[in-house]
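Participant: Predicted model and sequence below, questions to follow.
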Amino acid sequence: MTTETYEGPDEAQLREFHDAPAPSTSRLIDFDGASVIMLKTDPPQFVLRVNGVKPWSNMRVDLVPLVYVRRPEYWGVEVVGTLSGTGLPVEAPYEVSLNVTGTLGTKGVEVVGATKRERIDVVAGTGPAEGEWTAYVNRQPPGPFTLTVTGRLQMPTPGYKVALTKTDPQGINPRDLLLDLTVTPPSGPVIQVVTEVEVVYRERTDAGYDTVTIQPDGPTVKVEEVS
């Protein structure tokens, strides 16, 4: 997530706003589902999508971010229905969206309806959020010996492709195998759901590797032996 400072109103300004009369034509309404999708732009853009059933067919539904003095963990976004003129009391489905790139909390957003709330975690990244790595050499007969390196990466969304290739040229330490990790992000809109992706590298080798270093940002993994 971005760590830039959020400059909101001060306490007095916010209190004055909250003390003002509320409109009589707008109310919170409920929702059925909510999700955040990430648009693969540079930098990434995040769009909140909410759907449900409105009680009046001619009601306008908007997503309205709350106002904060300090940036919260989850930025509240209210689902607001507005009636004007003659109301038609017939239920109708609705779906609305809002670019929330500039109104993300440190962890995500919270959708606020009339009777329920839903928090959505947002990971604003284009690479692995976390990773678990293992490396081992199988020296069981009859051979040949095989080195296997496995990574399990937590990606921000589905659709990422990852690959491991042997670095060329290798480094100055012949007992440390260097591997390049390539991460290819998805194209187009994607659902904002953290997804585990596994990547495997195998090599037949007689070399006595002690470690494997994943480039460009690490880690360095100790090579275990199976014999």
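Facilitator: Received the coordinates, thanks.

Participant: what's residue 137 in contact with, if anything?
Facilitator: Residues counted as contacts of residue 137 (CB atoms under 8 Å, 6 or more residues apart in numbering) are 145-148, 205, 209, 223-226. To be clear about C-beta, it is placed using only N, CA and C from the backbone, and glycine gets the same treatment.

Participant: need the next SSE after the helix or strand harbouring it, C-terminal direction.
Facilitator: If you go by DSSP states H and E, residue 137 is part of strand 130-138. Counting by DSSP H and E, the next helix or strand C-terminal to strand 130-138 is strand 146-155.

Participant: low-scoring stretches of the protein, by residue?
Facilitator: 1-10, 13-14, 16-24, 39-43, 87, 123-130, 143, 192-194, 227 (pLDDT under 70).

Participant: domain ranges for it?
Facilitator: With domains defined by automatic domain parsing, the chain comprises 11-121, 130-226.

Participant: Any of the contacts of residue 137 buried? List them.
Facilitator: 145, 147, 209, 223 (16 or more other CB atoms under 10 Å).

Participant: Tell me which residue of the chain is furthest from the middle?
Facilitator: Relative to the mean C-alpha coordinate of the chain, counting by CA atoms, centre = their mean, the farthest residue is residue 142 (45.7 Å).

Participant: any idea how far that residue is from residue 203?
Facilitator: Residue 142 sits 18 Å away from residue 203, going by CB to CB, to the nearest Å.

Participant: go on, residue 69?
Facilitator: Taken as CB to CB, the span from residue 69 to residue 203 is 56 Å.
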